[in-house]
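Asker: Mind folding the following:
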Amino acid sequence: MQAGVGRGLSLQATLILFSFLLLCAAFATESEDGIPVLTGRLVAVGIPEPGAISAVGNFHPGGPIHDNPAFQAFTQPGAILDGQRILVASRSNFGAAVARADEPLGAVLSIDPRGSKPIIVPDAFAAGGGQATALAGRVMLLTANSAPFLNKIYNPNAATADLPSVANPTGISLNNAFGRIWVTSMPAGPAGAGIHSVMDPDGRPLKNAPSKVAGGVFTGASGNREQQLIPGSMETGALATALLGKSPDGSGRAVFASLHADGRVVQLHVEQGVDGLSPAGTITPLTSDAGFMRAGMVFNWVPDAILYISDPGANAIVALTLRTNDKTYYVESSRRLKPAALDLPIDLAPAIAEVASPIFSSNTTLAGNADIYVANRGDGTIVRLKQDGKVVGVRKVQARGVPQLGPNQLNGIAVAPDAQHIWVTVSGPLGAYPAGGVIELPAFDSANDSKRE
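Answerer: All right, here's what the predicted structure looks like:
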């Protein structure tokens, strides 16, 4: 008689067999067009138009979220910034009363991705206001376009006092090194002024903000540096953000890059305000009929400072090599990566994120010379690229129990701090589940896709 698993096999052999079966489940056979299919699991569903996504990760000693006891409470196990959780942007308030009816809904959720079954996010769990929770804390509202999260709560005299921290959020970058949570928004479409907010763990724009003009919310030209060093402003919708590190002026203040719908990139000094970085047209300008509403950025900090920006309209990635003087960042040179594997590259993520540096650690920072994951909205694939544009691998995406994803569904990508998992946001139908969600996938580095280069 044939021995069953766990009876005729030793415990060690059983574990080896079980591990092998799990590995096989993660990697399905090739699709009809020969591209391998990466199979993962549904983490959460019922998230209307999910977009930007980020691991929370750990905050370094010396930074306010680690060192301030009141903030540190938000990072404890099960809390809203528990390092094992993920942040997901959505175009819903999840029932929270809207603060500004003239601006679109929007929220950032904190989700615990652990668990064997998909989380079905209740559509109105935040109706009670504030940082609401649901499903025994598996889902929490970090912030939303709602009155408890207006800039005026901590910054009543700011020029942007009446603005919320988010409205149609598009990008998330966490300053795990020495700062806080930064989010871009597109409240008035691509042609209207964008928003770039910096938040405390309570989801409100920055308390005791260094900029008295902007407080914790920068928009339009109101947050420009008083005497700009490089011309530039946030007059069009904000698409993405990435930490650049501490200002070269020696102040120790954070500087973030902000991508806008006219194709320009600006740099935002949390105290001095906005300067330009790269002009309009750096990427293909986004219009209201583009069919997508965001892009992605990641920053390589060592050995060379390079800002990588997805250009969905041109199926390309723009690489800006940056230098500094004693005041600001500036672009030394620019190049474009155009491998054939790109098909409406909607977002970027580090294959290995920087987690060790007390200056550069962020979900948007590449560990030195790390590869880049690209989420292709056009054909629903994930591409792994070297920084010179060489394709390492291409995968289609599928979640167990859900039909293989099709065109125009992938909308965001993030990597776990240990680089072992990828998370993607997915818009549209998910089989029998409510539309819109998050899928967790295994990382990959196969070089067997040279035909796609």
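
Asker: Compute the first-to-last residue distance for stretch 77-86.
Answerer: One end of stretch 77-86 sits 13 Å from the other (C-alpha to C-alpha, to the nearest Å).

Asker: Show me how far that stretch is from its chain's centre.
Answerer: 16 Å (C-alpha atoms, centre = their mean, to the nearest Å).

Asker: do stretch 329-347 as well
Answerer: 17 Å.

Asker: Just the CA trace of that stretch, in CSV.
Answerer: Extracted in CSV, the C-alpha atoms of stretch 329-347 (Å, rounded to 0.1, in the frame of the first residue of the first chain):
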residue,chain,number,x,y,z
TYR,A,329,19.6,69.4,-5.8
TYR,A,330,20.0,69.9,-9.6
VAL,A,331,19.9,67.6,-12.6
GLU,A,332,23.4,66.9,-14.1
SER,A,333,22.2,64.6,-16.9
SER,A,334,19.2,62.7,-18.2
ARG,A,335,18.7,59.5,-20.1
ARG,A,336,15.7,57.4,-21.1
LEU,A,337,15.2,53.6,-20.7
LYS,A,338,12.9,52.1,-23.4
PRO,A,339,13.1,48.3,-23.2
ALA,A,340,10.4,46.6,-25.3
ALA,A,341,8.9,45.0,-22.2
LEU,A,342,7.4,48.3,-21.0
ASP,A,343,3.7,48.7,-21.7
LEU,A,344,2.2,51.7,-19.9
PRO,A,345,4.6,51.6,-16.9
ILE,A,346,2.3,52.9,-14.2
ASP,A,347,4.5,52.5,-11.1
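
Asker: Buried residues, it. List them.
Answerer: 329-331, 337, 339, 341-347 (16 or more other C-beta atoms under 10 Å). Heads up, the C-betas are built off the backbone N, CA and C, glycines and all.

Asker: what's the answer for stretch 433-444, then?
Answerer: For stretch 433-444, using 16+ other C-beta under 10 Å, the buried residues are 433-444.

Asker: Report the rounded mean pLDDT for the helix or strand harbouring Phe256.
Answerer: In the assignment (DSSP states H and E), Phe256 maps to strand 254-260. Strand 254-260 shows an average pLDDT of 98 in the prediction.

Asker: helices or strands up against it?
Answerer: The contact analysis (3 or more C-beta pairs under 8 Å, 6 or more residues apart in numbering; DSSP states H and E) places strand 254-260 against strand 181-185, strand 195-199, strand 238-246, strand 265-269, strand 297-300.

Asker: What lies in contact with stretch 372-379?
Answerer: 292, 296, 298, 308, 310, 312, 315, 317, 341-351, 366, 382-387, 407-413, 415, 422, 424 (C-beta atoms under 8 Å, 6 or more residues apart in numbering).

Asker: Of the residues you listed, grab the buried ones for PyMOL.
Answerer: In PyMOL syntax, the buried subset of these is picked out as below (16+ other C-beta under 10 Å):
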select buried, resi 292+296+298+308+310+312+315+317+341+342+343+344+345+346+347+348+349+350+351+366+382+383+384+385+387+408+409+410+411+412+413+415+422+424
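
Asker: got the helices and strands packed on strand 254-260 as TSV, with mean pLDDT columns?
Answerer: Listed next are the helices and strands packed on strand 254-260 as TSV, based on pLDDT from 0 to 100:
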stretch	mean pLDDT
strand 181-185	98
strand 195-199	98
strand 238-246	98
strand 265-269	98
strand 297-300	98
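
Asker: could you dump those to a markdown table with distance to Pro429?
Answerer: Below are the helices and strands packed on strand 254-260 laid out as a markdown table (distance: least, C-beta to C-beta, whole Å):
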| stretch | distance to Pro429 |
| --- | --- |
| strand 181-185 | 26 |
| strand 195-199 | 30 |
| strand 238-246 | 25 |
| strand 265-269 | 34 |
| strand 297-300 | 29 |
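
Asker: between those, which gets nearest to Asn151?
Answerer: strand 195-199 (7.8 Å; C-beta to C-beta).

Asker: Run through who's touching that closest one.
Answerer: By C-beta under 8 Å, 6+ apart, strand 195-199 touches 142-143, 151, 163, 165-167, 179-187, 205-206, 209, 216-219, 223, 234, 238, 241, 254, 256, 258, 268, 270.

Asker: ok, now which ones touch Ile309?
Answerer: 240, 259, 265, 282-283, 295-297, 317-320, 348.

Asker: Please tell me which one of those residues counts the most neighbours.
Answerer: Neighbour counts for those (other C-beta atoms under 10 Å) peak at Leu259, which has 33 neighbours.
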